[in-house]
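**Student:** Let's see this in three dimensions:
(4 chains)
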Protein chains: 2
Amino acid sequence: MSSVSLSNWKAVEAEVLSRIHSRQWEPGQLIPNESDLAEEFGCARATVNRALRAIAENGLLDRKRKAGTRVATNPVRRATLNIPVIREEIEAGNHSYAYAVFSSKIEEPPLNIHATMRLNGDEPMLHHQSVHLSDGKPYVASDRWINLDAVPDILNADFKSISANEWLVANAPFTNGDIAFSATSGDASIAERLGAKSGEALFAIDRTTWNNDIAITSVKLVFHSGYQMRTVL
Amino acid sequence: MSSVSLSNWKAVEAEVLSRIHSRQWEPGQLIPNESDLAEEFGCARATVNRALRAIAENGLLDRKRKAGTRVATNPVRRATLNIPVIREEIEAGNHSYAYAVFSSKIEEPPLNIHATMRLNGDEPMLHHQSVHLSDGKPYVASDRWINLDAVPDILNADFKSISANEWLVANAPFTNGDIAFSATSGDASIAERLGAKSGEALFAIDRTTWNNDIAITSVKLVFHSGYQMRTVL
DNA sequence: ACAATTATTATGTGCATACATATAAAGATT
DNA sequence: AATCTTTATATGTATGCACATAATAATTGT
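**Tutor:** Residues are numbered from 1 along each chain as shown, chains lettered A, B, ... in the order given. Below is the predicted model of the structure:
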(Lines give C-alpha, C1' and ligand atoms only; values in the text may rest on other atoms or scores of the structure.)
Protein backbone atom coordinates (compact mmCIF):
# COMPACT_ATOMS: atom_id res chain seq x y z
CA MET A 1 0.00 0.00 0.00
CA SER A 2 1.17 3.54 0.47
CA SER A 3 4.19 3.24 2.67
CA VAL A 4 5.34 6.63 1.49
CA SER A 5 4.44 9.22 4.04
CA LEU A 6 1.39 11.35 3.40
CA SER A 7 2.34 14.36 5.39
CA ASN A 8 -0.16 16.93 4.34
CA TRP A 9 -3.86 16.88 4.93
CA LYS A 10 -4.80 17.14 1.26
CA ALA A 11 -2.86 13.97 0.52
CA VAL A 12 -4.45 12.22 3.45
CA GLU A 13 -7.86 13.39 2.28
CA ALA A 14 -7.19 12.06 -1.20
CA GLU A 15 -6.02 8.70 0.12
CA VAL A 16 -9.04 8.31 2.37
CA LEU A 17 -11.39 9.30 -0.44
CA SER A 18 -9.72 6.80 -2.69
CA ARG A 19 -10.21 4.05 -0.12
CA ILE A 20 -13.87 4.97 0.14
CA HIS A 21 -14.37 5.11 -3.61
CA SER A 22 -12.49 1.88 -4.20
CA ARG A 23 -14.60 0.24 -1.48
CA GLN A 24 -11.55 -0.78 0.47
CA TRP A 25 -13.58 0.84 3.20
CA GLU A 26 -17.22 0.00 2.57
CA PRO A 27 -20.29 2.04 3.46
CA GLY A 28 -21.12 1.61 7.11
CA GLN A 29 -17.70 0.27 7.93
CA LEU A 30 -15.71 1.61 10.87
CA ILE A 31 -12.38 2.95 9.72
CA PRO A 32 -9.22 2.94 11.82
CA ASN A 33 -8.97 5.65 14.41
CA GLU A 34 -7.00 8.82 13.91
CA SER A 35 -3.95 7.70 15.82
CA ASP A 36 -3.61 4.49 13.83
CA LEU A 37 -4.07 6.31 10.54
CA ALA A 38 -1.53 8.90 11.60
CA GLU A 39 0.94 6.14 12.27
CA GLU A 40 0.19 4.42 8.97
CA PHE A 41 0.48 7.62 6.97
CA GLY A 42 3.49 8.83 8.88
CA CYS A 43 1.99 12.11 9.96
CA ALA A 44 0.57 13.74 13.05
CA ARG A 45 -2.89 12.95 14.33
CA ALA A 46 -3.89 16.58 13.84
CA THR A 47 -3.24 16.18 10.13
CA VAL A 48 -5.45 13.11 9.90
CA ASN A 49 -8.05 14.95 11.95
CA ARG A 50 -8.06 17.85 9.52
CA ALA A 51 -8.52 15.54 6.55
CA LEU A 52 -11.26 13.43 8.11
CA ARG A 53 -13.07 16.53 9.31
CA ALA A 54 -13.07 17.96 5.80
CA ILE A 55 -14.49 14.74 4.37
CA ALA A 56 -17.10 14.51 7.11
CA GLU A 57 -18.20 18.07 6.42
CA ASN A 58 -18.97 16.90 2.92
CA GLY A 59 -21.14 14.10 4.24
CA LEU A 60 -19.03 11.12 3.18
CA LEU A 61 -17.95 10.14 6.68
CA ASP A 62 -19.88 10.02 9.94
CA ARG A 63 -17.85 10.79 13.02
CA LYS A 64 -18.81 10.36 16.62
CA ARG A 65 -16.73 10.62 19.75
CA LYS A 66 -15.79 7.36 21.27
CA ALA A 67 -17.75 5.49 18.60
CA GLY A 68 -15.26 6.37 15.90
CA THR A 69 -15.47 7.23 12.24
CA ARG A 70 -17.41 5.23 9.68
CA VAL A 71 -18.14 5.54 6.01
CA ALA A 72 -21.58 7.07 5.51
CA THR A 73 -24.13 4.50 4.36
CA ASN A 74 -26.55 6.75 2.56
CA PRO A 75 -24.35 9.70 1.94
CA VAL A 76 -26.61 12.72 2.14
CA ARG A 77 -24.80 14.70 -0.44
CA ARG A 78 -24.17 18.30 0.29
CA ALA A 79 -24.07 20.68 -2.62
CA THR A 80 -22.87 24.20 -2.06
CA LEU A 81 -24.70 26.81 -4.04
CA ASN A 82 -23.17 30.18 -4.68
CA ILE A 83 -25.78 32.87 -4.46
CA PRO A 84 -24.28 35.89 -6.14
CA VAL A 85 -25.54 39.39 -6.51
CA ILE A 86 -27.57 39.37 -9.73
CA ARG A 87 -25.51 42.10 -11.33
CA GLU A 88 -22.34 40.11 -10.84
CA GLU A 89 -23.94 36.95 -12.18
CA ILE A 90 -24.92 38.82 -15.34
CA GLU A 91 -21.66 40.68 -15.74
CA ALA A 92 -19.69 37.48 -15.17
CA GLY A 93 -21.26 36.21 -18.39
CA ASN A 94 -20.10 39.35 -20.20
CA HIS A 95 -23.57 40.74 -20.54
CA SER A 96 -24.64 44.27 -19.83
CA TYR A 97 -26.65 44.81 -16.69
CA ALA A 98 -29.59 47.09 -16.12
CA TYR A 99 -32.21 47.45 -13.45
CA ALA A 100 -35.71 48.85 -13.52
CA VAL A 101 -38.00 49.66 -10.60
CA PHE A 102 -41.68 49.09 -11.24
CA SER A 103 -43.04 50.20 -7.95
CA SER A 104 -41.74 51.16 -4.53
CA LYS A 105 -44.21 52.13 -1.87
CA ILE A 106 -45.07 51.65 1.77
CA GLU A 107 -47.84 49.09 2.11
CA GLU A 108 -49.39 46.61 4.45
CA PRO A 109 -47.84 43.22 3.66
CA PRO A 110 -50.02 40.21 2.86
CA LEU A 111 -50.43 37.49 5.45
CA ASN A 112 -47.90 35.07 3.99
CA ILE A 113 -45.15 37.72 4.11
CA HIS A 114 -46.19 38.62 7.62
CA ALA A 115 -45.82 34.97 8.60
CA THR A 116 -42.55 34.13 6.85
CA MET A 117 -40.89 37.30 8.16
CA ARG A 118 -42.31 36.72 11.66
CA LEU A 119 -43.45 40.34 11.94
CA ASN A 120 -45.23 41.91 14.87
CA GLY A 121 -47.62 43.70 12.58
CA ASP A 122 -46.73 47.27 13.44
CA GLU A 123 -43.63 47.57 11.28
CA PRO A 124 -43.80 49.96 8.33
CA MET A 125 -43.01 47.89 5.25
CA LEU A 126 -41.66 48.97 1.89
CA HIS A 127 -42.91 46.97 -1.06
CA HIS A 128 -40.37 47.13 -3.84
CA GLN A 129 -40.85 45.53 -7.26
CA SER A 130 -38.23 45.52 -9.96
CA VAL A 131 -36.66 43.68 -12.85
CA HIS A 132 -33.01 42.98 -13.57
CA LEU A 133 -32.08 42.98 -17.24
CA SER A 134 -29.28 41.21 -19.07
CA ASP A 135 -28.41 42.79 -22.42
CA GLY A 136 -31.71 44.58 -22.19
CA LYS A 137 -33.70 41.37 -21.83
CA PRO A 138 -35.57 40.56 -18.60
CA TYR A 139 -33.45 38.25 -16.46
CA VAL A 140 -35.19 38.07 -13.12
CA ALA A 141 -38.18 39.77 -11.53
CA SER A 142 -37.92 40.73 -7.89
CA ASP A 143 -40.82 41.25 -5.50
CA ARG A 144 -39.42 42.44 -2.21
CA TRP A 145 -40.67 43.54 1.22
CA ILE A 146 -38.37 45.54 3.45
CA ASN A 147 -38.79 46.23 7.15
CA LEU A 148 -38.29 49.99 7.49
CA ASP A 149 -37.87 49.69 11.24
CA ALA A 150 -34.73 47.68 10.56
CA VAL A 151 -33.36 49.72 7.68
CA PRO A 152 -35.01 53.18 7.61
CA ASP A 153 -32.14 54.63 5.56
CA ILE A 154 -33.20 52.70 2.50
CA LEU A 155 -35.80 55.41 1.85
CA ASN A 156 -32.89 57.71 0.98
CA ALA A 157 -31.27 55.22 -1.40
CA ASP A 158 -31.11 56.10 -5.07
CA PHE A 159 -32.35 53.05 -6.89
CA LYS A 160 -31.27 54.47 -10.21
CA SER A 161 -27.67 53.72 -9.41
CA ILE A 162 -27.97 50.63 -7.24
CA SER A 163 -30.50 47.84 -6.82
CA ALA A 164 -32.36 47.28 -3.58
CA ASN A 165 -30.54 43.99 -3.21
CA GLU A 166 -27.14 45.57 -3.54
CA TRP A 167 -28.08 48.40 -1.22
CA LEU A 168 -29.15 45.88 1.39
CA VAL A 169 -26.09 43.71 0.93
CA ALA A 170 -23.92 46.75 1.50
CA ASN A 171 -25.91 48.38 4.28
CA ALA A 172 -27.99 45.80 6.09
CA PRO A 173 -25.98 42.85 7.33
CA PHE A 174 -27.91 39.81 8.43
CA THR A 175 -27.14 37.02 10.79
CA ASN A 176 -29.35 34.31 9.37
CA GLY A 177 -31.80 33.58 6.62
CA ASP A 178 -34.10 31.10 4.96
CA ILE A 179 -33.99 30.26 1.30
CA ALA A 180 -36.30 28.11 -0.79
CA PHE A 181 -36.15 27.04 -4.41
CA SER A 182 -39.26 26.19 -6.37
CA ALA A 183 -41.06 26.33 -9.68
CA THR A 184 -43.89 28.72 -10.36
CA SER A 185 -46.08 29.75 -13.23
CA GLY A 186 -45.94 33.24 -11.78
CA ASP A 187 -48.92 35.51 -11.95
CA ALA A 188 -49.72 37.29 -15.15
CA SER A 189 -48.00 40.54 -14.15
CA ILE A 190 -44.71 38.86 -13.29
CA ALA A 191 -44.79 36.82 -16.46
CA GLU A 192 -45.37 40.01 -18.41
CA ARG A 193 -42.48 41.78 -16.71
CA LEU A 194 -40.25 38.88 -17.65
CA GLY A 195 -41.51 38.75 -21.17
CA ALA A 196 -42.62 35.17 -20.51
CA LYS A 197 -45.72 33.51 -21.77
CA SER A 198 -48.41 33.39 -19.12
CA GLY A 199 -48.43 30.02 -17.41
CA GLU A 200 -44.85 29.21 -18.42
CA ALA A 201 -42.78 27.34 -15.79
CA LEU A 202 -40.32 29.68 -14.09
CA PHE A 203 -37.61 29.05 -11.52
CA ALA A 204 -38.08 30.95 -8.29
CA ILE A 205 -36.07 31.71 -5.16
CA ASP A 206 -37.66 32.92 -1.94
CA ARG A 207 -35.25 34.38 0.55
CA THR A 208 -35.87 35.97 3.93
CA THR A 209 -33.19 37.39 6.17
CA TRP A 210 -32.98 38.47 9.78
CA ASN A 211 -30.48 40.32 11.89
CA ASN A 212 -30.67 38.82 15.37
CA ASP A 213 -34.38 38.01 15.02
CA ILE A 214 -35.24 41.36 13.50
CA ALA A 215 -36.66 40.74 10.03
CA ILE A 216 -34.77 42.67 7.36
CA THR A 217 -36.26 41.68 4.06
CA SER A 218 -38.09 38.98 2.18
CA VAL A 219 -37.78 38.65 -1.56
CA LYS A 220 -39.22 36.46 -4.26
CA LEU A 221 -37.04 36.21 -7.34
CA VAL A 222 -38.65 34.78 -10.46
CA PHE A 223 -36.17 34.02 -13.20
CA HIS A 224 -36.59 34.12 -16.96
CA SER A 225 -37.77 31.03 -18.74
CA GLY A 226 -35.07 28.40 -19.11
CA TYR A 227 -32.95 29.60 -16.18
CA GLN A 228 -30.91 26.95 -14.42
CA MET A 229 -29.02 27.19 -11.17
CA ARG A 230 -26.08 24.83 -11.25
CA THR A 231 -23.26 23.61 -9.09
CA VAL A 232 -21.01 20.62 -8.65
CA LEU A 233 -21.01 17.75 -6.22
CA MET B 1 -13.55 45.95 24.54
CA SER B 2 -13.48 42.28 25.26
CA SER B 3 -10.51 41.93 27.55
CA VAL B 4 -11.78 38.56 28.69
CA SER B 5 -9.95 35.87 26.85
CA LEU B 6 -11.71 34.17 23.98
CA SER B 7 -9.85 30.94 24.02
CA ASN B 8 -11.88 28.70 21.79
CA TRP B 9 -12.41 29.10 18.10
CA LYS B 10 -16.20 29.23 18.30
CA ALA B 11 -15.98 32.21 20.62
CA VAL B 12 -13.49 33.91 18.35
CA GLU B 13 -15.75 33.20 15.38
CA ALA B 14 -18.71 34.73 17.19
CA GLU B 15 -16.74 37.82 18.17
CA VAL B 16 -15.48 38.36 14.64
CA LEU B 17 -18.96 37.86 13.20
CA SER B 18 -20.33 40.33 15.68
CA ARG B 19 -17.75 42.91 14.64
CA ILE B 20 -18.69 42.39 11.01
CA HIS B 21 -22.40 42.59 11.67
CA SER B 22 -22.06 45.62 13.90
CA ARG B 23 -19.94 47.27 11.18
CA GLN B 24 -17.08 47.80 13.58
CA TRP B 25 -15.28 46.19 10.66
CA GLU B 26 -16.86 47.47 7.48
CA PRO B 27 -17.15 45.71 4.14
CA GLY B 28 -13.89 45.94 2.26
CA GLN B 29 -11.95 46.84 5.36
CA LEU B 30 -8.72 45.09 6.24
CA ILE B 31 -8.96 43.48 9.64
CA PRO B 32 -6.01 42.98 12.01
CA ASN B 33 -3.77 40.06 11.22
CA GLU B 34 -4.01 36.74 12.99
CA SER B 35 -1.15 37.36 15.39
CA ASP B 36 -2.59 40.67 16.58
CA LEU B 37 -6.04 39.18 17.02
CA ALA B 38 -4.55 36.24 18.88
CA GLU B 39 -2.87 38.65 21.24
CA GLU B 40 -6.02 40.70 21.70
CA PHE B 41 -8.17 37.65 22.32
CA GLY B 42 -5.60 35.98 24.50
CA CYS B 43 -5.38 32.79 22.47
CA ALA B 44 -3.06 31.08 20.02
CA ARG B 45 -2.81 32.15 16.40
CA ALA B 46 -3.97 28.70 15.36
CA THR B 47 -7.24 29.33 17.14
CA VAL B 48 -7.80 32.62 15.35
CA ASN B 49 -6.83 30.91 12.10
CA ARG B 50 -9.44 28.23 12.62
CA ALA B 51 -12.15 30.82 13.27
CA LEU B 52 -11.27 33.08 10.36
CA ARG B 53 -11.00 30.10 8.04
CA ALA B 54 -14.48 28.97 9.00
CA ILE B 55 -15.91 32.42 8.35
CA ALA B 56 -14.06 32.73 5.05
CA GLU B 57 -15.43 29.36 3.92
CA ASN B 58 -18.84 30.87 4.35
CA GLY B 59 -17.95 33.78 2.12
CA LEU B 60 -18.01 36.59 4.67
CA LEU B 61 -14.27 37.17 4.71
CA ASP B 62 -11.74 37.25 1.89
CA ARG B 63 -8.29 36.04 2.81
CA LYS B 64 -5.10 36.28 0.83
CA ARG B 65 -1.57 35.56 1.84
CA LYS B 66 0.53 38.60 2.53
CA ALA B 67 -2.41 40.85 1.64
CA GLY B 68 -4.31 39.91 4.76
CA THR B 69 -7.96 39.38 5.59
CA ARG B 70 -10.74 41.75 4.69
CA VAL B 71 -14.47 41.82 5.11
CA ALA B 72 -16.12 40.70 1.88
CA THR B 73 -17.70 43.59 0.00
CA ASN B 74 -20.31 41.70 -1.97
CA PRO B 75 -20.56 38.58 0.07
CA VAL B 76 -21.34 35.80 -2.38
CA ARG B 77 -23.50 33.86 -0.04
CA ARG B 78 -23.01 30.14 0.05
CA ALA B 79 -25.99 27.99 0.83
CA THR B 80 -25.46 24.33 1.52
CA LEU B 81 -28.18 22.10 0.17
CA ASN B 82 -28.72 18.66 1.57
CA ILE B 83 -29.56 16.25 -1.20
CA PRO B 84 -31.02 13.22 0.52
CA VAL B 85 -32.11 9.91 -0.82
CA ILE B 86 -35.76 10.39 -1.75
CA ARG B 87 -36.96 7.59 0.48
CA GLU B 88 -35.32 9.18 3.50
CA GLU B 89 -36.73 12.59 2.65
CA ILE B 90 -40.23 11.09 2.55
CA GLU B 91 -39.82 8.93 5.62
CA ALA B 92 -38.34 11.84 7.56
CA GLY B 93 -41.73 13.51 7.17
CA ASN B 94 -43.42 10.43 8.59
CA HIS B 95 -44.96 9.44 5.30
CA SER B 96 -44.99 6.01 3.80
CA TYR B 97 -42.68 5.44 0.89
CA ALA B 98 -43.26 3.44 -2.27
CA TYR B 99 -41.58 3.15 -5.60
CA ALA B 100 -42.85 2.14 -9.01
CA VAL B 101 -40.86 1.36 -12.14
CA PHE B 102 -42.52 2.36 -15.39
CA SER B 103 -39.93 1.16 -17.78
CA SER B 104 -36.40 -0.20 -17.69
CA LYS B 105 -34.73 -1.12 -20.95
CA ILE B 106 -31.50 -0.84 -22.86
CA GLU B 107 -31.72 1.97 -25.37
CA GLU B 108 -29.71 4.40 -27.40
CA PRO B 109 -29.64 7.67 -25.41
CA PRO B 110 -30.71 10.95 -26.99
CA LEU B 111 -28.10 13.49 -27.99
CA ASN B 112 -28.45 15.73 -24.94
CA ILE B 113 -27.79 12.81 -22.59
CA HIS B 114 -24.87 11.75 -24.73
CA ALA B 115 -23.45 15.24 -24.39
CA THR B 116 -24.03 15.85 -20.69
CA MET B 117 -22.63 12.44 -19.77
CA ARG B 118 -19.67 12.88 -22.15
CA LEU B 119 -20.15 9.39 -23.59
CA ASN B 120 -18.07 7.80 -26.31
CA GLY B 121 -21.15 6.46 -27.97
CA ASP B 122 -20.45 2.76 -27.69
CA GLU B 123 -21.59 2.31 -24.10
CA PRO B 124 -24.70 0.20 -23.53
CA MET B 125 -27.17 2.39 -21.68
CA LEU B 126 -30.06 1.45 -19.43
CA HIS B 127 -33.01 3.81 -19.55
CA HIS B 128 -34.89 3.61 -16.28
CA GLN B 129 -38.12 5.49 -15.57
CA SER B 130 -39.88 5.44 -12.24
CA VAL B 131 -41.93 7.32 -9.72
CA HIS B 132 -41.45 7.68 -5.97
CA LEU B 133 -44.65 7.87 -3.95
CA SER B 134 -45.34 9.48 -0.60
CA ASP B 135 -48.41 8.09 1.16
CA GLY B 136 -49.39 6.64 -2.19
CA LYS B 137 -49.29 10.01 -3.93
CA PRO B 138 -46.71 10.76 -6.65
CA TYR B 139 -43.80 12.65 -5.13
CA VAL B 140 -41.16 12.75 -7.82
CA ALA B 141 -40.74 11.26 -11.27
CA SER B 142 -37.31 10.00 -12.24
CA ASP B 143 -35.97 9.62 -15.76
CA ARG B 144 -32.56 8.01 -15.56
CA TRP B 145 -29.80 6.81 -17.88
CA ILE B 146 -27.22 4.38 -16.55
CA ASN B 147 -23.91 3.46 -18.15
CA LEU B 148 -23.83 -0.35 -18.06
CA ASP B 149 -20.12 -0.39 -18.81
CA ALA B 150 -19.60 1.32 -15.46
CA VAL B 151 -22.15 -0.63 -13.42
CA PRO B 152 -23.08 -3.88 -15.21
CA ASP B 153 -24.32 -5.44 -11.97
CA ILE B 154 -27.33 -3.19 -11.89
CA LEU B 155 -29.01 -5.56 -14.36
CA ASN B 156 -29.22 -8.07 -11.52
CA ALA B 157 -30.72 -5.61 -9.06
CA ASP B 158 -34.23 -6.20 -7.83
CA PHE B 159 -36.00 -2.88 -8.21
CA LYS B 160 -38.98 -4.15 -6.27
CA SER B 161 -37.05 -3.86 -3.03
CA ILE B 162 -34.77 -0.94 -3.76
CA SER B 163 -34.83 2.07 -6.07
CA ALA B 164 -32.26 2.57 -8.80
CA ASN B 165 -31.01 5.60 -6.95
CA GLU B 166 -30.46 3.69 -3.74
CA TRP B 167 -28.84 0.81 -5.57
CA LEU B 168 -26.43 3.23 -7.20
CA VAL B 169 -25.73 5.10 -3.98
CA ALA B 170 -24.85 1.81 -2.33
CA ASN B 171 -22.98 0.19 -5.20
CA ALA B 172 -21.62 2.82 -7.53
CA PRO B 173 -19.55 5.45 -5.78
CA PHE B 174 -18.76 8.57 -7.71
CA THR B 175 -15.97 11.06 -7.50
CA ASN B 176 -17.69 14.09 -8.97
CA GLY B 177 -20.94 15.30 -10.38
CA ASP B 178 -22.94 18.14 -11.86
CA ILE B 179 -26.28 19.24 -10.55
CA ALA B 180 -28.74 21.77 -11.93
CA PHE B 181 -32.02 23.09 -10.58
CA SER B 182 -34.71 24.42 -12.85
CA ALA B 183 -38.41 24.75 -13.53
CA THR B 184 -40.16 22.73 -16.20
CA SER B 185 -43.65 22.17 -17.44
CA GLY B 186 -42.62 18.59 -17.99
CA ASP B 187 -43.90 16.69 -20.96
CA ALA B 188 -47.37 15.24 -20.87
CA SER B 189 -46.25 11.75 -19.81
CA ILE B 190 -44.26 12.99 -16.83
CA ALA B 191 -47.07 15.27 -15.76
CA GLU B 192 -49.43 12.33 -15.96
CA ARG B 193 -47.16 10.13 -13.88
CA LEU B 194 -47.05 12.84 -11.25
CA GLY B 195 -50.77 13.38 -11.35
CA ALA B 196 -50.09 16.97 -12.31
CA LYS B 197 -52.03 19.07 -14.72
CA SER B 198 -50.32 19.27 -18.08
CA GLY B 199 -48.35 22.49 -18.36
CA GLU B 200 -48.13 22.98 -14.62
CA ALA B 201 -44.84 24.40 -13.32
CA LEU B 202 -42.72 21.70 -11.71
CA PHE B 203 -39.40 21.81 -9.90
CA ALA B 204 -36.67 19.72 -11.49
CA ILE B 205 -33.20 18.53 -10.62
CA ASP B 206 -30.76 17.25 -13.22
CA ARG B 207 -27.84 15.35 -11.83
CA THR B 208 -24.99 13.58 -13.59
CA THR B 209 -22.20 11.70 -11.85
CA TRP B 210 -18.83 10.32 -12.84
CA ASN B 211 -16.28 8.06 -11.27
CA ASN B 212 -12.88 9.28 -12.41
CA ASP B 213 -14.24 10.51 -15.76
CA ILE B 214 -16.31 7.41 -16.35
CA ALA B 215 -19.95 8.43 -16.58
CA ILE B 216 -22.12 6.55 -14.13
CA THR B 217 -25.59 7.94 -14.44
CA SER B 218 -27.62 10.96 -15.38
CA VAL B 219 -31.04 11.55 -13.92
CA LYS B 220 -33.80 14.08 -14.26
CA LEU B 221 -36.03 14.33 -11.21
CA VAL B 222 -39.31 16.18 -11.66
CA PHE B 223 -41.08 16.88 -8.40
CA HIS B 224 -44.77 17.13 -7.63
CA SER B 225 -46.48 20.46 -7.94
CA GLY B 226 -45.73 22.80 -5.07
CA TYR B 227 -42.45 21.16 -4.07
CA GLN B 228 -39.87 23.40 -2.47
CA MET B 229 -36.26 22.72 -1.72
CA ARG B 230 -35.20 24.74 1.26
CA THR B 231 -32.18 25.50 3.37
CA VAL B 232 -30.75 28.19 5.59
CA LEU B 233 -28.14 30.83 5.05
C1' DA C 1 -33.08 -7.99 35.65
C1' DC C 2 -32.54 -3.24 35.92
C1' DA C 3 -30.77 1.23 37.04
C1' DA C 4 -27.13 4.12 38.49
C1' DT C 5 -22.20 4.89 38.57
C1' DT C 6 -17.63 4.75 36.86
C1' DA C 7 -14.06 3.82 33.53
C1' DT C 8 -12.50 3.88 28.96
C1' DT C 9 -11.80 5.61 24.49
C1' DA C 10 -12.13 8.20 20.02
C1' DT C 11 -12.83 12.53 18.56
C1' DG C 12 -12.50 17.67 19.46
C1' DT C 13 -9.79 21.35 20.53
C1' DG C 14 -5.97 24.52 22.24
C1' DC C 15 -1.16 25.85 22.22
C1' DA C 16 3.73 26.80 20.99
C1' DT C 17 6.72 26.32 17.50
C1' DA C 18 8.47 25.80 13.06
C1' DC C 19 8.53 26.12 8.39
C1' DA C 20 6.03 26.65 3.68
C1' DT C 21 4.07 29.60 0.31
C1' DA C 22 1.88 33.26 -2.05
C1' DT C 23 2.29 37.86 -3.07
C1' DA C 24 2.56 42.77 -2.23
C1' DA C 25 5.98 46.07 -1.90
C1' DA C 26 10.49 47.77 -2.30
C1' DG C 27 14.64 47.90 -4.70
C1' DA C 28 17.79 47.12 -8.59
C1' DT C 29 18.54 46.97 -13.47
C1' DT C 30 17.66 47.91 -18.07
C1' DA D 1 9.26 54.32 -17.38
C1' DA D 2 9.24 49.45 -17.56
C1' DT D 3 10.82 45.09 -16.13
C1' DC D 4 13.14 41.95 -13.30
C1' DT D 5 14.80 40.64 -8.60
C1' DT D 6 14.70 40.62 -3.85
C1' DT D 7 12.63 41.15 0.55
C1' DA D 8 9.13 41.29 3.86
C1' DT D 9 4.89 39.65 5.59
C1' DA D 10 0.31 37.42 6.32
C1' DT D 11 -1.76 33.33 5.75
C1' DG D 12 -1.33 28.11 5.38
C1' DT D 13 -0.04 24.06 7.45
C1' DA D 14 2.56 20.29 10.08
C1' DT D 15 3.85 18.59 14.70
C1' DG D 16 3.87 17.06 19.60
C1' DC D 17 1.71 17.59 23.49
C1' DA D 18 -2.08 18.28 26.67
C1' DC D 19 -6.54 18.31 28.13
C1' DA D 20 -11.79 18.50 27.14
C1' DT D 21 -15.87 16.11 25.95
C1' DA D 22 -19.16 12.86 24.42
C1' DA D 23 -20.63 8.42 24.34
C1' DT D 24 -19.97 3.64 24.76
C1' DA D 25 -18.74 -0.15 27.72
C1' DA D 26 -17.94 -2.10 32.12
C1' DT D 27 -19.01 -2.21 36.82
C1' DT D 28 -21.52 -1.79 40.80
C1' DG D 29 -25.61 -1.63 43.65
C1' DT D 30 -30.42 -2.58 44.35
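
**Student:** Phi, psi for the residue lying closest to residue A:113 once chain neighbours are set aside please.
**Tutor:** Nearest-residue entry for residue A:113: residue A:145, 5.1 Å, with adjacent residues in sequence omitted and distances by Cβ to Cβ, 6 or more residues apart in numbering or on different chains. Where you see a C-beta, it was placed from the backbone N, CA and C, and this is true even at glycine. Its backbone dihedrals place residue A:145 at phi -120, psi 130, with angles given as degrees, to the nearest 10.

**Student:** Whichever residue of chain A sits closest to DNA strand D and residue A:83, how far apart?
**Tutor:** Of all residues in chain A, residue A:8 sits closest to DNA strand D, with a separation of 2.4 Å (Cβ to the nearest atom of the strand). When Cβ to Cβ, to the nearest Å is the yardstick, residue A:8 and residue A:83 sit 32 Å from each other.

**Student:** When the two are compared, which one has more neighbours?
**Tutor:** Summary of the neighbour comparison: residue A:8 and residue A:83, criterion other Cβ atoms under 10 Å in any protein chain shown, with residue A:83 having more neighbours (18 against 14).

**Student:** The more buried one and residue B:78 touch, don't they?
**Tutor:** Yes - Residue A:83 is within contact range of residue B:78, at 7.2 Å (criterion: Cβ atoms under 8 Å).

**Student:** Point out where chain A drops to low pLDDT.
**Tutor:** Per-residue confidence of chain A (counting by pLDDT under 70) places the weak regions at A:1-4, A:76.

**Student:** Now do the domain split for it, please.
**Tutor:** Residue ranges for the structural domains of chain A, counted by automatic domain parsing, are given in the record as A:9-71, A:86-223.

**Student:** want to throw those domains into a markdown table with mean neighbour count and distance to residue B:35?
**Tutor:** A markdown table is the format used below for the domains of chain A (neighbours: other Cβ atoms under 10 Å in any protein chain shown; distance: least, Cβ to Cβ, whole Å):
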| stretch | mean neighbour count | distance to residue B:35 |
| --- | --- | --- |
| domain A:9-71 | 16 | 20 |
| domain A:86-223 | 17 | 26 |
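
**Student:** Redo those domains as JSON lines? Include distance to residue B:157.
**Tutor:** Formatted as JSON lines, the entries for those read as follows, by distance: least, Cβ to Cβ, whole Å:
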{"stretch": "domain A:9-71", "distance to residue B:157": "16"}
{"stretch": "domain A:86-223", "distance to residue B:157": "31"}
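
**Student:** Now do the contacts for the closest residue to residue A:74 other than its chain neighbours.
**Tutor:** Closest residue to residue A:74 in three dimensions, ignoring its sequence neighbours and counting by Cβ to Cβ, 6+ apart: residue B:85, at 5.1 Å. Residues in contact with residue B:85, defined by Cβ atoms under 8 Å, 6 or more residues apart in numbering or on different chains, are A:74, A:76, B:165, B:166, B:169.

**Student:** Just the ones of the residues you listed in helices?
**Tutor:** Assigned to helices by DSSP state H, the following of the contacts of residue B:85 qualify: B:165, B:166, B:169.

**Student:** Check those against chain A and report the nearest one.
**Tutor:** Distance ranking of the ones in helices among the contacts of residue B:85 against chain A, using Cβ to the nearest Cβ, places residue B:169 first at 6.0 Å.

**Student:** Write out the residues of chain A neighbouring DNA strand D.
**Tutor:** A:7-10, A:42-47, A:50, A:64-67 (Cβ under 7 Å from any atom of the strand).

**Student:** between those residues, which is nearest residue B:106?
**Tutor:** Within the residues of chain A next to DNA strand D, the smallest distance to residue B:106 is 40.5 Å, found for residue A:10 (Cβ to Cβ).

**Student:** before we move on, which element is that closest one in?
**Tutor:** Taking DSSP states H and E as the criterion, residue A:10 maps to helix A:9-21.

**Student:** Next, the distance between the ends of stretch A:100-116.
**Tutor:** 26 Å (Cα to Cα, to the nearest Å).

**Student:** what ranges do the helices span in chain A?
**Tutor:** So, for chain A - with DSSP H - the helices run A:9-21, A:34-41, A:45-57, A:86-92, A:111-116, A:164-171, A:188-194.

**Student:** Which single residue in chain A comes nearest to DNA strand C?
**Tutor:** For chain A and DNA strand C, the shortest gap (Cβ to the nearest atom of the strand) falls at residue A:33, measuring 3.1 Å.

**Student:** I'd like the distance between that residue and residue A:188.
**Tutor:** Looking at residue A:33 against residue A:188, where the rule is Cβ to Cβ, the gap reads 62 Å.

**Student:** List the contacts of the residue nearest to residue A:182 when sequence neighbours are not counted.
**Tutor:** The shortest distance from residue A:182 to any residue that is not its chain neighbour, by Cβ to Cβ, 6+ apart, is 4.5 Å, and that residue is residue B:228. Going by Cβ under 8 Å, 6+ apart, residue B:228 touches A:180, A:181, A:182, A:206, B:203.

**Student:** picking up where we left off before, mind putting the ones in helices among the contacts of residue B:85 into JSON lines with distance to residue A:102?
**Tutor:** Formatted as JSON lines, the entries for these read as follows, by distance: Cβ to Cβ, whole Å:
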{"residue": "B:165", "distance to residue A:102": "43"}
{"residue": "B:166", "distance to residue A:102": "47"}
{"residue": "B:169", "distance to residue A:102": "46"}
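
**Student:** between those residues, which is closest to residue B:92?
**Tutor:** For these, the nearest to residue B:92 is residue B:166 (14.9 Å; Cβ to Cβ).

**Student:** Spatially nearest residue to that closest one (excluding sequence neighbours)?
**Tutor:** Counting by Cβ to Cβ, 6+ apart, residue B:85 is the residue found nearest to residue B:166 once chain neighbours are left out, at 5.9 Å.

**Student:** what do you get for residue A:227?
**Tutor:** Once chain neighbours are set aside, the closest to residue A:227 by Cβ to Cβ, 6+ apart is residue A:203, at 4.8 Å.

**Student:** Run through the residues that contact the one you found.
**Tutor:** Counting by Cβ under 8 Å, 6+ apart, residue A:203 makes contact with A:181, A:183, A:222, A:223, A:227, A:228, A:229, B:181, B:182, B:183.

**Student:** Now for the residue lying closest to residue A:38 once chain neighbours are set aside: which residues touch it?
**Tutor:** Among residues not flanking residue A:38 along the chain, residue A:45 sits closest, at 4.3 Å (Cβ to Cβ, 6+ apart). For residue A:45, the set of contacting residues under the criterion of Cβ under 8 Å, 6+ apart consists of A:34, A:35, A:38.
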